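Enquirer: predicted model follows, preceded by the sequence.
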Amino acid sequence: MSVPPPPHPPYYGYGYGYGQPPPRTNGMAIAALVGAFIVPPLGIVFGHVSLAQIRRTREEGRPLALAGLVVGYALTVLGILAVVVAVVLAVVAVRAIDESGGVDPRSPLGTAGALPTETLPDFAPPASLGGNCQYPATTEPGSTPARTPRAGRVPTAPATVQATMATDDGAIGLDLDNQKAPCTVNSFVSLAQQGYFDGTRCHRLTTSRALGVLQCGDPTATGRGGPGYRFPNEYPTNQYRMSDPALQRPIRYPRGTLAMANAGPGTNGSQFFLVYRDSALPPTYTAFGRIDETGLAVVDDVAAEGVADGGDDGTPRRALVIDSIRLE
């Protein structure tokens, strides 16, 4: 009788191939974390792709993917906020320039120093004079509703347009220099004919050593009002190259000059000032007319009363209200 062979010993799998290989880390999870610091939106995209792959393949790397998502979203939100803040600040800065109403005719000389000997330059008509007057809208609506003046070509004749500014203290005769500043005169005449200046108060008087002006034309009497549009400088600015450093140096605006107030090139609106004493200003304020002697006597009376707070720049102590400005 034969004896059966002993059973084969069990195989326990020793040797090559023992155990299971460790799970590998998902590559997109690593890319999500790295990408979040370089381009945050990539971290967000890679993070979501990685989580989807990990659910399907059971790979490691979920914490890395989640970290990439958190960092990506956080940096993206911060970036958006930074852009929004920058845009808001830019808009505020532009609005402050546009809507200040062009109200600072003060010279860099302030109240010190002798008046410059150089005066308004001789006029050489630019080739484009009056050929294309433009009045683009400002970012804020006008303080008082006003129609935009006729744009495009405007006539430079007659050379002078006469007007009378009736005030509660007497008449001020104005000779508007249509030959030198046709776009400015076109705007001023348009506003006058609309009654824009009627009932407004001259809101600012300067009595410093280097500057003697009375400023008017703001319906709000705050120094910030305007018609809702703006337009470029003309004479004497157009007698210089835009890169000429002389544009920054004060010259003498003689007594009797009628000029536009502004807050920088191209920000003319409705505000203007009457020069009652030779004044130092850079040639960046459009001189568009002359004040007659009777009118200067009215302005002299206002200037003699001084500034309300006793300083040399501010609200006139003696109010001057414009009843109307009418063409003759």
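Expert: The structure has been received and is ready for your questions.
Enquirer: OK, contacts around residue 25?
Expert: Counting by C-beta atoms under 8 Å, 6 or more residues apart in numbering, residue 25 touches 59, 60, 61, 64. For glycine as for every other residue, the C-beta is placed from the backbone atoms N, C-alpha and C.
Enquirer: drop anything exposed from those.
Expert: 59, 61, 64 (16 or more other C-beta atoms under 10 Å).
Enquirer: which secondary structure element contains the last one?
Expert: Residue 64 is located in helix 62-99, with elements delineated by DSSP states H and E.
Enquirer: for residue 122, same thing?
Expert: Counting by DSSP H and E, residue 122 is found in no helix or strand.
Enquirer: so what's it up against?
Expert: So residue 122 contacts residue 239 (C-beta under 8 Å, 6+ apart).
Enquirer: for the closest residue to residue 318 other than its chain neighbours, give me its contacts.
Expert: Closest residue in space to residue 318, ignoring its immediate chain neighbours: residue 305 at 3.8 Å, by C-beta to C-beta, 6 or more residues apart in numbering. Contact analysis of residue 305 by C-beta under 8 Å, 6+ apart lists 316, 317, 318.
Enquirer: and residue 198, that's in a strand?
Expert: No. Under DSSP: H, G, I helix; E, B strand; the rest coil, residue 198 falls outside any strand and is assigned coil.
Enquirer: please report phi then psi for the closest residue to residue 60 other than its chain neighbours.
Expert: Of all residues not flanking residue 60 in the chain, residue 25 sits nearest, at 4.6 Å (C-beta to C-beta, 6+ apart). Phi and psi for residue 25, reported as degrees, to the nearest 10, are phi -80, psi 140.
Enquirer: give me the phi and psi for the closest residue to residue 277 other than its chain neighbours.
Expert: Nearest non-adjacent residue to residue 277, counting by C-beta to C-beta, 6+ apart: residue 212, 3.1 Å away. Phi and psi for residue 212, reported as degrees, to the nearest 10, are phi -130, psi 90.
Enquirer: what's the pLDDT at residue 212?
Expert: Residue 212 carries a pLDDT value of 96.
Enquirer: measure how buried it is and give me the count.
Expert: Residues within reach of residue 212, counting by other C-beta atoms under 10 Å, total 23.
Enquirer: ok, it touching residue 281?
Expert: No. Judged on C-beta atoms under 8 Å, residue 212 makes no contact with residue 281 at a distance of 10.9 Å.
Enquirer: now the contacts of residue 25 as a markdown table including pLDDT and distance to residue 53?
Expert: Formatted as a markdown table, the contacts of residue 25 follow (pLDDT from 0 to 100; distance: C-beta to C-beta, whole Å):
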| residue | pLDDT | distance to residue 53 |
| --- | --- | --- |
| 59 | 82 | 7 |
| 60 | 81 | 11 |
| 61 | 75 | 9 |
| 64 | 79 | 12 |
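Enquirer: and the strands in the stretch 201-328 of the chain, which stretches?
Expert: With DSSP state E, counting those that start in this stretch applied, the stretch 201-328 of the chain shows strands at 204-207, 212-216, 251-253, 257-260, 272-277, 279-281, 287-291, 313-314, 321-327, listed in chain order.
Enquirer: next, format those as TSV and append distance to residue 156.
Expert: TSV is the format used below for the strands of the stretch 201-328 of the chain (distance: least, C-beta to C-beta, whole Å):
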stretch	distance to residue 156
strand 204-207	31
strand 212-216	25
strand 251-253	22
strand 257-260	17
strand 272-277	20
strand 279-281	24
strand 287-291	12
strand 313-314	35
strand 321-327	17
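Enquirer: for those, which one sits closest to residue 53?
Expert: strand 257-260 (67.8 Å; C-beta to C-beta).
Enquirer: what's the following helix or strand after the least confident helix or strand in the chain by mean pLDDT?
Expert: None of the helices or strands of the chain scores lower by mean pLDDT, DSSP states H and E than helix 62-99, at a mean of 72. The helix or strand immediately downstream of helix 62-99 is strand 160-167, counting by DSSP H and E.
Enquirer: any residues touching that following strand, and which ones?
Expert: Counting by C-beta under 8 Å, 6+ apart, 171-179, 185, 189, 192, 197, 295, 298, 320-328 sit against strand 160-167.
Enquirer: relative orientation of that strand and strand 272-277 in degrees?
Expert: 90 degrees (axes from the mean of the first three to the mean of the last three C-alpha atoms, to 10 degrees).
Enquirer: strand 160-167 pairs with which strands?
Expert: strand 170-177 (antiparallel), strand 321-327 (antiparallel) (DSSP bridges).
Enquirer: now the longest one: buried residues?
Expert: Of the residues in strand 170-177, those with enough neighbours to count as buried (16+ other C-beta under 10 Å) are 172, 173, 174, 175, 176, 177.
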